[in-house]
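Trainee: Quick one: sequence plus predicted model below, questions after.
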Protein chains: 2
Amino acid sequence: MLPSEARARFRAGLSTPTSGWCAGWTQANLISVPRAHAWDVLLFAQRNPQPCPVLEVLEPGEVSGELVAGDIRTDLPGYRVHRDGELVDRPTDVTAYWRDDLVSFLIGCSFTFENALLAAGVPVRHLALGRNVPMYRTTRRCRDAGRLSGPLVVSMRPVPAALVDTAVATTARYPAVHGAPVHVGDPAALGIADLDAPDHGDAVPVAEGEVPVFWACGVTPQAAVLESRLPFAITHEPGQMLVTDARDTEYLV
Amino acid sequence: MLPSEARARFRAGLSTPTSGWCAGWTQANLISVPRAHAWDVLLFAQRNPQPCPVLEVLEPGEVSGELVAGDIRTDLPGYRVHRDGELVDRPTDVTAYWRDDLVSFLIGCSFTFENALLAAGVPVRHLALGRNVPMYRTTRRCRDAGRLSGPLVVSMRPVPAALVDTAVATTARYPAVHGAPVHVGDPAALGIADLDAPDHGDAVPVAEGEVPVFWACGVTPQAAVLESRLPFAITHEPGQMLVTDARDTEYLV
């Protein structure tokens, strides 16, 4: 399926995690903030490049750009609307919330390297189970920028122990979409008490002989927006990404 | 020599290209602009990551940071001061020009991967000759950002034809410091009329059997500052870089 076809379905109202959709095409996290806060977001991203790799910045009010035709206000499966540090709505269309001063950031997503993992022989559990990837807020802190501060958010994929090195080497070649894992093995080292209770997405089983592997996640700026009580922000629903018109291979080093 | 020792010599007044100094330590381009123009510079960098990979952003007025102890106003061998699109001074100390609203960007430099080139058996001509690297303004345009627009600036190293693939593969692994070449072979393709007349730095001979190889250069934002007639900016003197306290290997993928 082409990205434009997937976006048409989401525009028509389909709400679903996008992991596994449009194999080979890059997916992106979305965060839109008023112009007055855009500098802090861009600086936060620059200082935390592993969770917040910026693929594109749309000028105030713009709803499409080099990476994506269509309309970012309607073409994602789900959104979150945040006010003063509270989640106030989870619509499937944010046209009614749109403002001409919103600057939108498209941020790399680890779904981009899942094809490469499969091609390297590394199974991807949530894909096999047809679920959303599990995501966790950690106790690891991001570097602050202006009024923005927050925790590192990670995604987790169970990997057979013998394939961990392959998973690390494969994803390290995609630095623009989170790159190599931030941690391998011990959830407690990241302050994650229970792998079966992710903060976003769906839990997946970690089988005997498998190791939980954690990658930086593009939900991190959402967590910063909440913790920092930014007056207003629109983001994607975690796991329900913007499917762009860029190829995954464009982010391969 | 340690970076702090090199910076002490420059602070004492030594003016020299820094290519080959402090092997293994990362060097950086400097651009400082008033807060009012910082968004445009950061967005320009985000949209032109190959010439403008941002290693660090210092808050308004800050003169040191995570990547560099010391004082960026005094610790480079040479500076340029720009007003309204004109180069107005080339001092060895910019303390007298400093303003509390200046936001400083440290941008990756291709000197970072020269050690890796040597280790891979690729000779680096300007190092062997004790010269500055030759740099050229090209006819290739950067992506605009706000009021900033300008040409791509490149550095050139002659590489024996049989080693071009090695040079490409070696530098591709350093995407944060310009990465792989932007062009191999034909200066005219970049609008460079005469390799012996670089816009910055020193000419170096291209021998029989060698190919000129062009990498994106961190002087690019200087060219944009000039063309866009930004009211005020301080930059390094091309080739006379900030020697940071970060290791080259930190930028290896």
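Mentor: Sure thing, it's come through.
Trainee: What segments of chain A are helices?
Mentor: Assigned by DSSP state H, chain A shows helices spanning A:3-11, A:35-47, A:114-119, A:125-129, A:164-172, A:220-227.
Trainee: What separation is found between the N-terminal and C-terminal residues of stretch A:241-253?
Mentor: End-to-end distance of stretch A:241-253 (Cα to Cα, to the nearest Å): 23 Å.
Trainee: Can you name the residues that contact A:Gly78?
Mentor: Each residue near A:Gly78 by Cβ atoms under 8 Å, 6 or more residues apart in numbering or on different chains is listed here: A:Ser15, A:Arg90, A:Pro91, A:Thr92, A:His236, A:Glu237, A:Gln240. In short, each C-beta sits where N, CA and C put it, glycine included.
Trainee: backbone phi and psi for the last one, please?
Mentor: Pointing back at A:Gln240 there. Dihedral angles phi and psi of A:Gln240 (degrees, to the nearest 10) take the values phi -110, psi 90.
Trainee: which residue sits closest to the residue nearest to the spatial centre of chain A, ignoring its sequence neighbours?
Mentor: Centroid-nearest residue in chain A, with Cα atoms, centre = their mean: A:Gly218, separated by 3.3 Å. In this structure, A:Gly218 finds its nearest non-sequential neighbour in A:Asn29, 3.3 Å apart by Cβ to Cβ, 6 or more residues apart in numbering or on different chains.
Trainee: Next: A:Leu14.
Mentor: A:Pro77 is the one closest to A:Leu14 (Cβ to Cβ, 6+ apart), at 6.1 Å.
Trainee: Now for that neighbour, how many residues are close by?
Mentor: For A:Pro77, the tally of surrounding residues (other Cβ atoms under 10 Å in any protein chain shown) stands at 24.
Trainee: so what's it up against?
Mentor: Contacts of A:Pro77 (Cβ under 8 Å, 6+ apart): A:Phe10, A:Leu14, A:Ser15, A:Thr16, A:Pro17, A:Thr18, A:Thr92, A:Glu237, A:Gln240.
Trainee: Please tell me I have it right and A:His82 contacts A:Glu227.
Mentor: No: look at A:His82 against A:Glu227 with Cβ atoms under 8 Å: they stay out of range, at 10.9 Å.
Trainee: These two: which is more packed in?
Mentor: Remark: of A:His82 and A:Glu227, A:His82 carries more neighbours, 21 against 15, as counted by other Cβ under 10 Å.
Trainee: Distance of that one relative to chain B?
Mentor: With distances taken as Cβ to the nearest Cβ, to the nearest Å, A:His82 is found 22 Å from chain B.
Trainee: While we're on that residue, how confident is the model there?
Mentor: Looking at A:His82, its pLDDT reads 97.
Trainee: related to what we said a few turns ago, whichever of the contacts of A:Pro77 end up buried, select them in ChimeraX.
Mentor: Under the burial definition 16 or more other Cβ atoms under 10 Å in any protein chain shown, those of the contacts of A:Pro77 that qualify are selected in ChimeraX by:
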select /A:10,17,18,92,237,240
